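> just the structure for this:
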Amino acid sequence: MHRVMVNGAAIPVIGLGTWTLKDEACAELVANALSVGYRHVDTASTYDNESAVGEGLRFSGVPREDIFVTTKVWKTDIGPRDLERSAEESLKRLGLNTLDLLLIHWPNPEIPLAGSIKALNAVRDCGMARHIGVSNFSTALLAEAFHLSNAPLVANQVEYHPFLDQAKVYAACRAANMAMIAYAPLGRGEALFDDLAIGEIARRHGKSPPQIVLRWHVQQEGVVAVPRAERKEWVTENIDLFDFELSGEEMSAISQLRSRNLRIYDPDYSPEWDEG
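Numbering: from 1, shown residues only. The predicted structure follows:
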């Protein structure tokens with residue numbers, strides 16, 4: 001599995017996003033993903049599926065040390081003591097002794113960031129997580145978090161796809177040697193897949209539009225993608241990316257789509273986003 005090397009972490013460039021997956025179907029899909037080559041699984045305390053994810057990990061038979069497991073602490077639980085408790089509960093639900101990556105899911109202006117980052121460091125220091133990072137942080141918040149942390153932050157997980165310009169966040173992550181982990185890497189699907197430029201590139205390579213979009217992600221230095229998939233055939237398709245390469249011209253053609261700057265996830269608790 002191809003990996004991004006950042007601040008001591010080796011993160012597989014394609015992971016299985018598990019948002020909306022539940023119960024036995026979730027466990028089966030996780031196990032299936034690992035059987036076809038995935039080595040990165042992404043979940044969160046609010047997904048209400050950590051127990052199912054853990055079941056899938058065990059059922060797969062893949063050695064624990066070969067799998068990179070990420071989970072996230074919800075924004076109401078990122079204060080001192082609450083964050084440590086949340087991490088411990090996640091480990092119990094997953095049936096693991098340690099996490100590979102623990103992220104603050106969303107910033108929370110009502111909870112001082114200094115306390116959150118100190119608690120995140122405490123989780124790493126006591127061995128509950130090998131690596132730590134953040135999610136949905138703007139460049140300003142990312143700079144503050146990086147300054148506050150004693151341990152290196154290894155990732156900022158954000159919405160990222162060809163229709164959304166994240167150039168500023170990406171540059172900040174590169175400057176700090178952090179990964180930018182893309183959630184919703186396929187956007188809303190149909191609109192992106194129907195784009196003429198992506199369709200033409202897909203025909204040229206004999207690949208599907210989703211494969212072209214995911215290949216665009218992983219060819220960018222320091223970018224990791226965690227597409228969600230609800231069907232086994234999609235799971236298999238999404239990792240079949242490493243037998244072809246996009247040209248510089250093709251990469252540029254896809255990157256030009258970001259001028260649309262269409263954000264899918266913008267809840268009322270979002271931080272002030274960086275303008276593209």
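> would you map the strands across this protein?
For the chain, the strands defined by DSSP state E occupy 3-6, 9-12, 16-17, 40-42, 68-73, 99-104, 129-135, 153-159, 179-183, 223-225.
> quick one, which of those gets closest to E249.
Nearest to E249 among the strands of the chain is strand 223-225 (19.1 Å), distances taken as Cβ to Cβ. C-beta: built from backbone N, CA, C; applies to glycine.
> give the rounded mean pLDDT of the closest one.
Across strand 223-225, pLDDT averages out at 98.
> tell me what it is packed against?
If contacts are counted by 3 or more Cβ pairs under 8 Å, 6 or more residues apart in numbering; DSSP states H and E, strand 223-225 sits against strand 179-183, helix 209-218.
> quick one: mean pLDDT over the first one.
For strand 179-183, the mean per-residue pLDDT is 98.
> which one in this protein is furthest away from the centre?
Centroid-distance maximum for the chain: R204 at 28.6 Å, with Cα atoms, centre = their mean.
> pLDDT score for that residue?
On the pLDDT scale, R204 is placed at 97.
> so what's it up against?
Under the criterion of Cβ atoms under 8 Å, 6 or more residues apart in numbering, the contact partners of R204 comprise E250.
> please report how far it lies from V218.
Counting by Cβ to Cβ, to the nearest Å, the separation of R204 from V218 is 18 Å.
> nearest residue to the middle of this structure?
For the chain, the residue nearest the mean C-alpha position is I181 (4.0 Å; Cα atoms, centre = their mean).
> these two touch, right, it and V224?
Yes - under the criterion of Cβ atoms under 8 Å, I181 makes contact with V224 at 4.5 Å.
> shared neighbours of those two, anything?
With Cβ under 8 Å, 6+ apart as the test, I181 and V224 both reach 11, 15, 155.
> most neighbours among these, which one?
For these, the largest neighbour count, defined by other Cβ atoms under 10 Å, is 28 neighbours, found at G15.
> name the nearest residue to that one, ignoring sequence neighbours.
Using Cβ to Cβ, 6 or more residues apart in numbering and skipping the chain neighbours, the partner closest in space to G15 is H40 (3.3 Å).
> show me what the helix or strand bottoming out on mean pLDDT in the chain is packed against.
Ranked by mean pLDDT, DSSP states H and E, the helix or strand of the chain with the weakest confidence is helix 190-193, at a mean of 87. Contacts defined by 3+ Cβ pairs under 8 Å, 6+ apart place helix 190-193 against helix 209-218.
> the helix it packs on vs strand 179-183, what angle?
160 degrees (axes from the mean of the first three to the mean of the last three Cα atoms, to 10 degrees).
> pull out the buried residues from stretch 52-60.
By neighbour count on 16 or more other Cβ atoms under 10 Å, the buried set for stretch 52-60 is 52-58, 60.
> farthest-separated two in these?
Checking the buried residues of stretch 52-60 with Cβ to Cβ, the most distant pair is A52 and S60, at 12.7 Å.
> now do the shared contacts for these two.
Common neighbours of A52 and S60 (Cβ under 8 Å, 6+ apart) are V30.
> using CSV, write out every CA atom in stretch 263-276.
Only the C-alpha atoms of stretch 263-276 are listed here, as CSV (Å, rounded to 0.1, in the frame of the first residue of the first chain):
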residue,chain,number,x,y,z
ARG,A,263,-18.5,23.1,-0.3
ILE,A,264,-20.8,20.2,0.6
TYR,A,265,-20.4,20.2,4.4
ASP,A,266,-20.9,23.6,6.1
PRO,A,267,-22.8,23.1,9.4
ASP,A,268,-23.6,26.1,11.6
TYR,A,269,-20.7,25.2,13.9
SER,A,270,-18.1,25.4,11.1
PRO,A,271,-15.1,27.7,11.6
GLU,A,272,-14.5,30.6,9.4
TRP,A,273,-13.3,28.8,6.2
ASP,A,274,-10.3,30.0,4.2
GLU,A,275,-11.4,31.6,0.9
GLY,A,276,-9.9,29.8,-2.1
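> which outside residues touch that stretch?
The contact list for stretch 263-276, computed with Cβ under 8 Å, 6+ apart, reads 75, 106-109, 136-141, 159, 164-169, 184, 187-188, 258, 261.
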